[in-house]
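Colleague: Need the 3D shape of this:
(3 chains)
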Amino acid sequence: MAPALALYRSTIGKKVAMALTGLILVGFVVAHMLGNLKIFTGSQHLNEYGEFLRTVGEPLFPYSVLLWIARIVLLGSVVVHIVAATQLTMLDRASRPERYVFHKKQQATYASLTMRWGGLIILLFVIYHILHFTTGAAHGNFIEGDVYHNVVSGFQVWYVSVVYIAAMVALGFHLYHGVWSMFQTLGLNSSKWNGLLRGLSVLTALVVAGGNILIPVAVLAGFLS
Amino acid sequence: MNVTLQVWRQKNATAKGQMVKYEVKNISPDTSFLEMLDIVNQELIARDEDPIAFDHDCREGICGMCSLMINGMAHGPEHATTTCQLHMRSFKDGDTIYVEPWRARSFPVLKDLIVDRGAFDRIIAAGGYISVSTGSAPEANVIPVPKENSDLAMDAAACIACGACVAACPNASAMLFTAAKVSHLALLPQGQPERHKRVIDMVRQMDDEGFGHCTNIGECSIACPKEISMDFISMLNRELIKATATNKE
Amino acid sequence: MATDTQQRPATTEVGGRRSMGFESTLDAQIPPGPLQDKWDTHRFKMKLVNPANKRKYTVIMVGSGLGGASAAASLAELGYKVKCFCYQDSPRRAHSIAAQGGINAAKNYRNDGDSIFRLFYDTIKGGDFRAREANVYRLAQVSVNIIDQCVAQGVPFAREYGGQLDNRSFGGAQVSRTFYARGQTGQQLLLGAYQQLERQIGLGNVEMDTRTEMLDLVVVNGRAKGIITRDMVTGKIEAHAGDAVVLATGGYGNVFHLSTNAKGSNTTAIWRAHRKGAFFGNPCYTQIHPTCIPVSGEHQSKLTLMSESLRNDGRVWVPKRPGDTRPPHEIPEAERDYYLERKYPSFGNLAPRDISSRSAKEACDAGLGVGPGGLGVYLDFADAIQRLGVAKIRERYGNLFDMYQRITAENPYEVPMRIYPAVHYTMGGLWVDYNLMSTIPGLFVIGEANFSDHGANRLGASALMQGLADGYFVLPNTIGDYLAQVKPGDYNLAGDEFRQVQEDVSERTNRLMSIKGKRSVDSFHRELGRIMWDECGMARNEQGLKRALEQIPELRAEFWENVRVTGEATNINQELEKAGRVADFLELGELMCLDALHRTESCGGHFREESQTEEGEALRDDDHFAYVAAWEFRGLNQQPVLHREPLSFENVQLAQRSYK
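Modeller: Presented below is the predicted three-dimensional model:
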């Protein structure tokens, strides 16, 4: 623990914390997207999948325990990710008190420059998403346990779909820079691997955002009902 | 050619500065950027005004003394070129050129376009060396160094500590500078005994100086007149992780 | 005239003015015994400072280049307290950083017959037999330790595939003894020394003052005890005291205004010390480097050198017909004059620096020059590209070609480069004895700032060697011998001597600020540079030198009446900094011309048109001039006094250099 804390004290350590928690979160969004796609196999499968997440591990783990463990790990990751990002952002703000009159970026991608805003959008979206599909508090027609119904009726409200699609675009950008950046921060990048890792991050971004966007699009197009 | 300059003028470290406009007439495109400033200064002197203060020394792209944010780009628009090797032919007749000092909390402005880059020296003093007292060195060829390691170390060692990386970085981070020295020494067998202590101490000093952190954007490397690669930042990260994990202190 | 000087030493006529100064013969304190044993014996005989007492001694180090940084670090390691000063914003920026080619060392890693004696011999011969044998031999001896030291520091020298150090032949040497780090050897060696210096700063053993300029030397009871500096940020004039002062402030090539030196390189530290009693050795020995990028116009502020390794594959030529303005590719082979190959068939394009430079000047003087103002000759790679292919040439010289293109906007893969000689290095400097101590006890001078090891011409890849030899291995030994004989802390910063010099410096600064004349500092510097280049440049003659000796004092007088220094003295003021430096160049330039005038022979970088062979080669006059000319300052507008250190050659045969 002591080395980890010592590392965290440095700016690089905070980045490492973001990379490691980022890795967990990337794994989550990929798995989540893959699970979501079950919707195309029909309501029964999706609902079964939803139930499976609660029963997995039984009888070794009681009902829902693994899911809660996963939720705690994810929540912890989100908290560390955000705390580190906030600390670093504050450091950065302080590191250049007087701005340039004219500053031209030569290399930076849109994605890399919007990580903070993108992260904030994603955070707000996650809160809404939980209220919408997990607790149902932000859902006008929520039926506990009927995941398929909740998704389809939720996305049939066009502006809800627009919010989801926009959020997935933001997530795509975040992943595009974030996944590659993760390798760089963990010291796993070099010229030799750079192309591959860039490719991997594009792929992750496209697959996660694209896969998820398919669902509201399919609902709005009447393909799912 | 004629150009309009917008130059940051600031009387001293504590004074408030501002952009001041200068019209520059009949400049040869073969004039270097700094020679163009020399000419402007001669005109200012003739008018009994204080000339524009800017850092420069070797004027051949190696000492790292020259700086300048030119049209928002560290060392101006040409790739792999220091300000002193930039020529007016890189601009068009009638252009307006913005000239500003490096901006970072750790590089305070001393006057006009001159900043204090002492933070870089302190990062080196914190560990950017191999401790070997004069006279104690073994015969040079007893330590063979694989050519590829040596070449890679040289790529990193080419850093001139001009500060363009810090200036170009949206976070004013000194990671590329620190990474270059850490990597140079970590790649060589001579650098191994102090390898872990070095990276820990240098990163600590870098943070204490108040530089921002690295968001892996790459502005530093593209601005670097010596084309130091971002690979070295990755290497620095790896070095620090390894060093911290195995640190016995 | 000069022969007269020799015969009538007490009444000398120099530069058309009569001098009644007393001339003495200088003792260089060369240890007795065989050449090979001198340094060893001397180290044994020198007094040592007790390790526990070392911290009681303070050494003032002015300059942080190869010499200064390596010496400051080494002295601090030994336990001395060191105060180091540089005018740049960091010690890492000293102009040693700009050396490209490499560093010589007699390692004989190539098994090609190199040895300490051969390096010694080549250096003596290259210096045209005007260097001190004992010093040069010691330089060759410690050259091998330098490489060891630098490798241990992590200097990334070029390597073979087997992991061993690579070498190349440089500057026409017959053996491969040059170690290099791409085209940035000076940078890497300096950073090695700088890192050791920073380590000592971090440990608290060295106090480093950057952006601080030495403006005078303080001598107390005949011994150097301190310096007066100006803080270039606040303008504060301060006194610093120490038990010894070391000047490592580099060369004075900027007296020519245009040179390959850094813009800030200056003579002030050594000139002020000269005025305080340190003799100036061989001021006229100047090296003009043949492969520089030509001047492009009146705006030119400095000249850029390209490594002379280019001459390994490039062929130097000019059109045969004066005023031939055709583009180079339209000039047929038969109408080109490859003059170096023609005049020096065995060395060809690799002829030594002084010879190559002078030949280029001769061609341009004859109206054969190319490019703007006719001040350039072609360095053509067409044959090499045809023979080896573009890829090979790019591999060898890619970065140099890129640099050339950046500066000139011409592509040297397609059109020949244009080159012209430029002032590069000054072999002259403050006179020092074998211990590197000047004629002021306690004042040591190292690196390019002293006159010592290169005679009348420096060989390629030898400057880095000398700077580091002095700093790492010679000075740390010899300064101990001096310090062991003085009481530590024997100075009083509040004493009259310090106060007086500090007042003088303030007064001089105020005077510069208060002239408020019409002409800028740069315009004076340019004019001085033009006089020096025309009359005391690559070729010198009595008439021209006498003309310069009339013009320089007039220019100096005008400077002190009509210079305009804007701004304030209590802030960063680059005009004020320049003004102080140019004021000193205006005094030094005169001494250089005087020295050049008195030395009626040609030797190395000093070419007197009156002294040449029938073929136009430099002709030495060993009978009358085999000595170091060390000049003593006797007051401004007073005739300086010439002292001689006779050079005796016991281990090499004096011979006329021939590169035919």
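Colleague: okay, which residue is most central for chain C?
Modeller: residue C:426 (3.4 Å; Cα atoms, centre = their mean).
Colleague: Does it touch residue C:288 like I think?
Modeller: No - counting by Cβ atoms under 8 Å, residue C:426 stays clear of residue C:288, with 10.6 Å between them. No exception for glycine: its C-beta is placed from N, CA and C like everyone else's.
Colleague: Setting aside sequence neighbours, what's the nearest residue to the closest residue to chain B within the stretch 51-200 of chain C?
Modeller: Closest contact between the stretch 51-200 of chain C and chain B, by Cβ to the nearest Cβ, is at residue C:163 (3.0 Å). Nearest residue to residue C:163, sequence neighbours excluded (Cβ to Cβ, 6 or more residues apart in numbering or on different chains): residue B:144, at 3.0 Å.
Colleague: which residues touch residue C:53?
Modeller: residue C:488 (Cβ atoms under 8 Å, 6 or more residues apart in numbering or on different chains).
Colleague: That one in helix, strand or coil?
Modeller: helix (DSSP: H, G, I helix; E, B strand; the rest coil).
Colleague: I'd like the distance between it and chain A.
Modeller: Computed as Cβ to the nearest Cβ, to the nearest Å, the residue C:53 to chain A distance reads 41 Å.
Colleague: burial measure for the closest residue to chain B within chain A, as a count.
Modeller: In chain A, no residue comes nearer to chain B than residue A:187, which is 2.4 Å away by Cβ to the nearest Cβ. For residue A:187, the neighbour count with other Cβ atoms under 10 Å in any protein chain shown is 20.
Colleague: Do I have it right that it meets residue B:231?
Modeller: No - counting by Cβ under 8 Å, residue A:187 does not reach residue B:231; the two are 10.1 Å apart.
Colleague: Tell me the residue in chain A that is farthest from the middle.
Modeller: Chain A, farthest from centre, Cα atoms, centre = their mean: residue A:101 at 35.2 Å.
Colleague: and residue 112, what are its phi and psi?
Modeller: Just so you know, I chose chain A. The phi/psi pair for residue A:112 (degrees, to the nearest 10) reads phi -70, psi -30.
Colleague: meant chain B, my bad for not saying
Modeller: phi 40, psi -110.
Colleague: doesn't residue B:55 make contact with it?
Modeller: No - with contact defined as Cβ under 8 Å, residue B:112 does not reach residue B:55; the gap is 9.8 Å.
Colleague: So these two - more neighbours on which side?
Modeller: residue B:55 (31 against 25).
Colleague: Three-state assignment for that one, please.
Modeller: coil.
Colleague: Need the per-residue pLDDT for it.
Modeller: On the pLDDT scale, residue B:55 is placed at 98.
Colleague: That one: what's it in contact with?
Modeller: B:65, B:66, B:67, B:113, B:114, B:115, C:89.
Colleague: Please report how far the fourth one lies from residue B:140.
Modeller: If you measure residue B:113 against residue B:140 using Cβ to Cβ, to the nearest Å, the figure is 42 Å.
Colleague: For the residue of the stretch 51-200 of chain C closest to chain B, which three-state class applies?
Modeller: Per three-state DSSP, residue C:163 ends up coil.
Colleague: By proximity to chain C, which residue of chain B wins?
Modeller: Closest point on chain B to chain C, by Cβ to the nearest Cβ, is residue B:144, at 3.0 Å.
Colleague: That residue against residue C:161, yeah?
Modeller: No - assessed by Cβ under 8 Å, residue B:144 is found out of contact with residue C:161, at 10.3 Å.
Colleague: More neighbours: which of those two?
Modeller: Between residue B:144 and residue C:161, counted using other Cβ under 10 Å, residue B:144 has the larger neighbour count: 14 against 9.
Colleague: Is residue 193 within a helix or a strand, and which one?
Modeller: Assuming you mean chain A. Per DSSP states H and E: residue A:193 is located in helix A:191-220.
Colleague: I was after chain C.
Modeller: helix C:185-202.
Colleague: Report how many residues lie close to the one residue in the stretch 451-600 of chain C that gets nearest to chain A.
Modeller: Using Cβ to the nearest Cβ, residue C:572 is the residue of the stretch 451-600 of chain C that sits closest to chain A, at 18.5 Å. Residues near residue C:572, counting by other Cβ under 10 Å, number 24.
Colleague: Same question for residue B:70.
Modeller: Residue B:70 has 23 neighbours, counted by other Cβ under 10 Å.
Colleague: what's the distance between it and residue B:106?
Modeller: 21 Å.
Colleague: Also residue B:199?
Modeller: 19 Å.
Colleague: Those two: who's more crowded?
Modeller: residue B:199 (30 against 26).
Colleague: Excluding chain neighbours, what is closest to the residue nearest to the spatial centre of chain A?
Modeller: With distances taken as Cα atoms, centre = their mean, residue A:29 lies nearest the centre of chain A, 5.1 Å away. Distances taken as Cβ to Cβ, 6+ apart put residue A:208 closest to residue A:29, at 5.2 Å, once the chain neighbours are dropped.
Colleague: Return the residues in contact with whichever residue of the stretch 201-350 of chain C sits closest to chain B.
Modeller: Per Cβ to the nearest Cβ, residue C:202 is where the stretch 201-350 of chain C lies closest to chain B, at 3.6 Å. If you count contacts by Cβ under 8 Å, 6+ apart, residue C:202 has them with B:125, B:126, B:127.
Colleague: Tell me how far the residue nearest to the first one when sequence neighbours are not counted lies from residue B:160.
Modeller: If I follow you right, that is residue B:125. Distances taken as Cβ to Cβ, 6+ apart place residue C:202 nearest to residue B:125, at 3.6 Å, with adjacent residues excluded. Distance, residue C:202 to residue B:160, by Cβ to Cβ: 21 Å.
Colleague: Now do the strands in the stretch 1-150 of chain C.
Modeller: C:12-14, C:17-19, C:58-62, C:81-85, C:103-104 (DSSP state E, counting those that start in this stretch).
Colleague: and the nearest residue to residue B:2 once chain neighbours are set aside, how many neighbours does it have?
Modeller: Nearest non-adjacent residue to residue B:2, counting by Cβ to Cβ, 6+ apart: residue B:25, 5.1 Å away. By other Cβ under 10 Å, 9 other residues sit near residue B:25.
Colleague: what's the answer for residue C:50, then?
Modeller: Neighbours around residue C:50, by other Cβ under 10 Å: 9.
Colleague: what's the pLDDT at it?
Modeller: 95.
Colleague: Straight-line length of stretch C:173-192, end to end?
Modeller: 26 Å (Cα to Cα, to the nearest Å).
Colleague: just how off-centre is it within its chain?
Modeller: 18 Å (Cα atoms, centre = their mean, to the nearest Å).
Colleague: beta partners of residue C:58?
Modeller: Applying DSSP bridges to residue C:58 gives these bridge partners: residue C:81.
Colleague: Tell me the spacing between it and chain A.
Modeller: As judged by Cβ to the nearest Cβ, residue C:58 and chain A stand 37 Å apart.
Colleague: Ok, residue B:18 next?
Modeller: Distance from residue B:18 to chain A, by Cβ to the nearest Cβ: 10 Å.
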